[in-house]
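Colleague: model the structure of this input:
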Amino acid sequence: MNILSIQSHVAFGHVGNAAAVFPLQRLGVEVWPIHTVQFSNHTGYGAWKGRVFDGPAIEEVLEGIADRGVLRTCDGVLSGYMGSADIGTAILGAVVRVKQANAQALYCCDPVIGDVGRGVFVRPGIPEFMRDQAVPAADVVTPNQFELGFLAGREIATLADAKAAVAAVHELGPKVVLVTSLDTAETPADAVDLLASDGDGTWRVRTPKLGISVNGAGDAIAALFFVHYLKTRRAAEALAEAAASIHGLLRRTAEAGSREILLVAAQEEFVSPSQRFAVEKL
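Modeller: This next block holds a predicted model:
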């Protein structure tokens, strides 16, 4: 299996491609990473070095891959943080080229916009680009609760609100929706819910809340869910595998007191999760 992953990249730590590529490789997937930025570390540290690439730079690298005649072997395209609209346009152009070469390929868009408690943290125009162009082009989307509410244009306080919001996102185009973190009136204080929906139904997995906040976990779970969905074409199975792996990764990170997710130290969680959780059909 081959996945084209177009995301940001950091040399130190794990966000963007630095969080998504290794879990995919550990699961036996060939990954073709294209970086939208190359930074020394994630911006949460307050200081960093590096460069932001533009749309033409993304297109140039893609053209070089296409010249190898391999786009027909690409099974999926994964995207995350988009620093500008021209990068977004280049990513959607890559999706079109891959799907022209392989009609069975899927596009997974992690619509990075913001988060509960932080609000929108991307540049002006990006939220609207995600909602109006990227998400409608996607087969699979992986928003968090804040992003789900933005895409659906509604507040999410209850499970019923979440289900209605997921239905609204389906109406935009994606066949599969994964909500990567959900805290509603029905969620116990010591737990976090993950929700997945496709044409066969809606499922929930509830895992213990670990009380840590680290960058890159959303990038990792989007990649994990996407690869398991590509393998099974079943959202419930992909949810079960991704939830177990990400919980194991975060538990190991919390136990170590690390600011960065322990992607390498916890790599066995990707292939053989230490704890699994029930998948409930709603």
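Colleague: which residues sit against the helix or strand Val21 falls within?
Modeller: Assigned by DSSP states H and E, Val21 belongs to helix 17-26. Helix 17-26 is contacted from outside by 3, 5, 7-11, 14, 31, 33, 35, 78, 80, 216-217, 219-220, 222-224, 227, 245, 261, 263-264, 267, 270-271, using CB atoms under 8 Å, 6 or more residues apart in numbering. In this view, the C-beta of every residue, glycine as well, is placed from N, C-alpha and C.
Colleague: do the same with stretch 77-96
Modeller: Residues from elsewhere that reach stretch 77-96, judged by CB under 8 Å, 6+ apart: 3-8, 16, 20, 34, 36-37, 52-56, 58-59, 62, 98, 105-110, 112, 122-123, 125-126, 129-130, 133-134, 137, 219, 222-223, 226.
Colleague: just the residues you listed: which are in strands?
Modeller: Applying DSSP state E to the contacts of stretch 77-96, the entries found in strands are 3-8, 34, 36-37, 52, 106-109.
Colleague: now distance to Val279 too, for those residues, in JSON lines please.
Modeller: Compiled in JSON lines, the ones in strands among the contacts of stretch 77-96 are given as follows (distance: CB to CB, whole Å):
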{"residue": "Ile3", "distance to Val279": "24"}
{"residue": "Leu4", "distance to Val279": "29"}
{"residue": "Ser5", "distance to Val279": "26"}
{"residue": "Ile6", "distance to Val279": "30"}
{"residue": "Gln7", "distance to Val279": "28"}
{"residue": "Ser8", "distance to Val279": "31"}
{"residue": "Ile34", "distance to Val279": "33"}
{"residue": "Thr36", "distance to Val279": "33"}
{"residue": "Val37", "distance to Val279": "36"}
{"residue": "Val52", "distance to Val279": "39"}
{"residue": "Leu106", "distance to Val279": "21"}
{"residue": "Tyr107", "distance to Val279": "25"}
{"residue": "Cys108", "distance to Val279": "20"}
{"residue": "Cys109", "distance to Val279": "23"}
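Colleague: can you select the buried ones from those in PyMOL?
Modeller: Applying 16 or more other CB atoms under 10 Å to these, the buried members can be selected in PyMOL as follows:
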select buried, resi 3+4+5+6+7+8+34+36+37+106+107+108+109
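Colleague: which of the ones in strands among the contacts of stretch 77-96 sits closest to Arg234?
Modeller: When the ones in strands among the contacts of stretch 77-96 are ranked by distance to Arg234 (CB to CB), Leu106 comes first, at 13.4 Å.
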